[in-house]
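Chemist: Just need the structure, nothing else, for what follows:
(2 chains)
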Amino acid sequence: MYNQKVLDAFANPKNVGVIENADGEGMVGNPTCGDIMKITLKIDNDIITDAKFQTYGCTAAIATSSTATEMIKGKSVDEAMKLTNSEVVEYLEGLPPQKIHCSVLAEEAIKKAIENYREKKKAK
Amino acid sequence: MRVYLDHAATTPLDEEVLQKMMPYFTEKFGNTHSQHSYGKETAIAVDKARKQVADALNCSPNEIYFTGSGTESDNWAIKGAAFARRDKGKHIIVSAIEHHAIINSAKWLSNNGFDVTYLPVDKYGVIKLDELKKAIRPDTVLVSVMLANNEVGTIEPIKEVVEICHAKGILVHSDCVQAVGAVEIDLKDLGVDLASVSAHKFYGPKGVGALYIKNGIKIDKLIVGGGQERMQRGGTTNTPAIVGMGEAIEKAVREMQKNNAYIKELRDYFVKRVTEEIHYVTYNGHPTDRLPSNANFSFEFIEGEGILMLLDLGGVAVSSGSACSSGTLDPSHVLLAMGVDIVLAHGSLRFSFGKHNTKEEIDYTVDLLKKTVERLRKMSPLFTLKEGEIKNV
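Modeler: Numbering: from 1, shown residues only, chains lettered A, B, ... in the order given. Prediction:
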């Protein structure tokens, strides 16, 4: 049911882990729903220089986490804020229909991490 | 290495059974209802299969009706019995851990004027007989409890169910789909009025099942058409599949003791290794009183479908009770009914063993499973949190 690109992203995920002293951090999801995603970002002058994820979830959740973190590296926070789950799904050449909701998590986690970064910046 | 550990989903067709089926696809292709010799030779073959099924289940051949699947048998039994008795009452009781063929037939009935009670189970998945007694109402017409559960392999006390229900004139159906060839089934001794079986669960072909209807019990038809199955189930007889079912059930029962001893040894070895070598696992279901082929585990901090996919990439085929593999938002209704925590239920996997599995395959699977679980836990924020807790103690 998954295409090869999704399976590759899932089986060989990029950017797994947690950035120590991250500039932005976002965790979304709920264990009772079977999905939790945590994104940590390293940001220099509003440019995302590194992104890492930890995901508790299914194949689609892990594949989209990996892909989304890849897609935002090197982008400005403003650009990264615009990343949508459909772009991630498109990059992966599609997900089974019942799995589309899993891809929303990555988008939400990134947005939350960037918001966290902006709040920290304001507080400084 | 490719390892198939999903025999509760389906089994490979037995080679000997296939050979017995082959002539009925080609040279013996007649319609069992035709008057000529072509029809006669297939009708004789179907009669033989009916006797093989009846002998295996200890009932009379005229109590066996062939259907297109276990699901059809379940639908027919539940809907047919409820409608046949609707003048007596509109209440039915099914266990909370039934297969979806029963659960969704019950739901269909509740949308069509019937009341349904879902019978609770204990932490092992065994139905609570005192709850059954409490649930019975003057208008209860049917109770359905499976003989063995498909997800956790729990064996249910059907004889006791029959005793309680028959004292009140209530019909009893039992879904025996998972039980054939795994536990001894003596329908006369069990005393049920209706029972469903399916051929592909015991090395027979897909697309054929049977419903046992005890002599003297009348239920409404589900599929109407021609006069097949003694006027009870329309549709041209699927002769090759039925021949296969007869041969497969005869062989399954004949080899049951030998196969079960072998399969149970593999399963027990697997369970021992998993519980000893992987941390944070729960063995779901009854520790001993379960189908010899079934093992069901929950792996903490990770999600079942992810484990399933990584095992599959490594060649091992299993099944998951996680929501993400079923396409719904809720994980296994069976585990939830047993009181398994919802997060644990998301991380559950079913391993079901068969007669062709080997010890080498089990070792390969455990080694791969260990690596897989470790890999996914390294990715899981829940596991990091847990590890933090441990460090802080």
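Chemist: Show me which residues of chain B are close to chain A?
Modeler: Within chain B, the positions lying close to chain A (CB under 8 Å from any CB of the partner chain) are B:301-303, B:305-306, B:309-310, B:313, B:322-325, B:327, B:329, B:331, B:342-343, B:346, B:378-384. Any C-beta I mention is one placed from the backbone N, CA and C, and that applies to glycine too.
Chemist: Geometric centre of chain A: which residue is closest?
Modeler: The residue lying closest to the centre of chain A (CA atoms, centre = their mean) is A:Ala106, at 3.8 Å.
Chemist: Report the contact partners of it.
Modeler: By CB atoms under 8 Å, 6 or more residues apart in numbering or on different chains, A:Ala106 lies in contact with A:37, A:39, A:53, A:61, A:64-65, A:67-69, A:85, A:88.
Chemist: Just the buried residues of those residues.
Modeler: A:37, A:39, A:53, A:61, A:64-65, A:67-69, A:85, A:88 (16 or more other CB atoms under 10 Å in any protein chain shown).
Chemist: Now do the closest residue to B:Val126 other than its chain neighbours, the pLDDT please.
Modeler: Spatially, and ignoring its direct neighbours in sequence, B:Val126 is nearest to B:Thr154 (5.9 Å; CB to CB, 6 or more residues apart in numbering or on different chains). Looking at B:Thr154, its pLDDT is 97.
Chemist: how about the strands in the chain?
Modeler: No chain in the question, so chain A it is. A:24-30, A:35-44, A:47-56 (DSSP state E).
Chemist: please go with chain B instead
Modeler: B:3-4, B:64-67, B:91-95, B:115-119, B:140-144, B:171-175, B:194-198, B:209-213, B:281-283, B:294-299, B:316-317, B:319-320, B:348-352.
Chemist: rank those by mean pLDDT and give me the bottom one.
Modeler: Mean pLDDT values for the strands of chain B show the minimum at strand B:319-320, a mean of 92.
Chemist: which residues touch it?
Modeler: If you take CB under 8 Å, 6+ apart as the criterion, strand B:319-320 is touched by B:6, B:8-9, B:304-305, B:307-308, B:325, B:348-350, B:352.
Chemist: so which of these comes closest to A:Ala113?
Modeler: Within those, the smallest distance to A:Ala113 is 25.2 Å, found for B:Glu305 (CB to CB).
Chemist: Got phi/psi on the residue in the stretch 151-300 of chain B that chain A sits nearest to?
Modeler: Chain A sits closest to B:Glu300 of the stretch 151-300 of chain B, with a gap of 10.3 Å, by CB to the nearest CB. Backbone geometry at B:Glu300, expressed as degrees, to the nearest 10, gives phi -70, psi 150.
Chemist: Give me the nearest residue to it, chain neighbours excluded.
Modeler: B:Tyr280 (3.9 Å).
Chemist: Please look at the one you found and B:Phe301 and confirm they touch.
Modeler: Yes. Applying CB atoms under 8 Å, one finds B:Tyr280 in contact with B:Phe301, separated by 6.7 Å.
Chemist: can you pull the buried residues of the longest helix belonging to chain A?
Modeler: Counting residues, the longest helix in chain A under DSSP state H turns out to be helix A:100-123. Buried residues in helix A:100-123, counting neighbours by 16+ other CB under 10 Å, are found at A:102-114, A:116-117.
Chemist: circling back: residues in contact with the residue nearest to B:Val126?
Modeler: B:97, B:121, B:124-126, B:148, B:285-286, B:289-290.
Chemist: can you pull the pLDDT of residue 100?
Modeler: Just so you know, I chose chain A. A:Ile100 carries a pLDDT value of 88.
Chemist: other chain: chain B
Modeler: Value for B:His100, per-residue pLDDT: 95.
Chemist: Can you tell me, leaving aside adjacent residues, what's nearest to B:Gly204?
Modeler: B:Gly204 sits nearest to B:Ala248 (CB to CB, 6+ apart), 3.1 Å away.
Chemist: could I get the strands of chain A as JSON lines with mean pLDDT and distance to chain B?
Modeler: Converted to JSON lines, those look like this (pLDDT from 0 to 100; distance: least, CB to the nearest CB, whole Å):
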{"stretch": "strand A:24-30", "mean pLDDT": "94", "distance to chain B": "7"}
{"stretch": "strand A:35-44", "mean pLDDT": "96", "distance to chain B": "4"}
{"stretch": "strand A:47-56", "mean pLDDT": "97", "distance to chain B": "4"}
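Chemist: Got phi/psi on B:Asp122?
Modeler: According to degrees, to the nearest 10, B:Asp122 has phi -90, psi -170.
Chemist: Show me the shaky parts of chain B.
Modeler: B:323-329, B:390-393 (pLDDT under 70).
Chemist: Which residue ranges make up the domains of it?
Modeler: Domain segmentation of chain B under automatic domain parsing yields B:3-9+B:256-392, B:15-254.
Chemist: JSON lines for those, including distance to A:Asn21?
Modeler: Formatted as JSON lines, those follow (distance: least, CB to CB, whole Å):
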{"stretch": "domain B:3-9+B:256-392", "distance to A:Asn21": "16"}
{"stretch": "domain B:15-254", "distance to A:Asn21": "45"}
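Chemist: Quick one: closest of the ones you listed to A:Lys121.
Modeler: Here domain B:3-9+B:256-392 is closest among the domains of chain B (CB to CB), at 24.2 Å.
Chemist: Distance from the closest one to the middle of the chain?
Modeler: In this view, domain B:3-9+B:256-392 has its centroid 18 Å away from the chain centroid, taken as CA atoms, centre = their mean, to the nearest Å.
Chemist: near chain B, which residues of chain A?
Modeler: Going by CB under 8 Å from any CB, the residues of chain A near chain B are A:2, A:7, A:10-11, A:13, A:16, A:18, A:27, A:31-38, A:53-62, A:98-99, A:102.
Chemist: If any of the residues you listed are buried, put those into a PyMOL selection.
Modeler: Buried residues within the residues of chain A next to chain B, by 16+ other CB under 10 Å, are selected in PyMOL with:
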select buried, chain A and resi 2+7+10+11+13+16+27+31+33+34+35+36+37+38+53+54+55+56+57+58+59+60+61+62+98+99+102
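Chemist: Closest to the mean position in chain B, which residue would that be?
Modeler: Note: chain B centre (CA atoms, centre = their mean) maps to B:Gln178, 3.5 Å.
Chemist: show me what contacts it?
Modeler: Here B:Gln178 is in contact with B:8, B:146-150, B:153, B:201, B:291 (CB under 8 Å, 6+ apart).
Chemist: By neighbour count, which of the residues you listed wins?
Modeler: B:Asn149 (30 neighbours; other CB atoms under 10 Å in any protein chain shown).
Chemist: pretty sure it is touching B:Val334, no?
Modeler: Yes. The pair B:Asn149 and B:Val334 passes the contact test of CB under 8 Å, sitting 6.3 Å apart.
Chemist: thinking again about what came up before, kindly list the main-chain dihedrals of the residue nearest to B:Glu300?
Modeler: phi 50, psi 50.
Chemist: Now for it, how many residues are close by?
Modeler: 15.
Chemist: Report the separation between it and B:Lys128.
Modeler: 29 Å (CB to CB, to the nearest Å).
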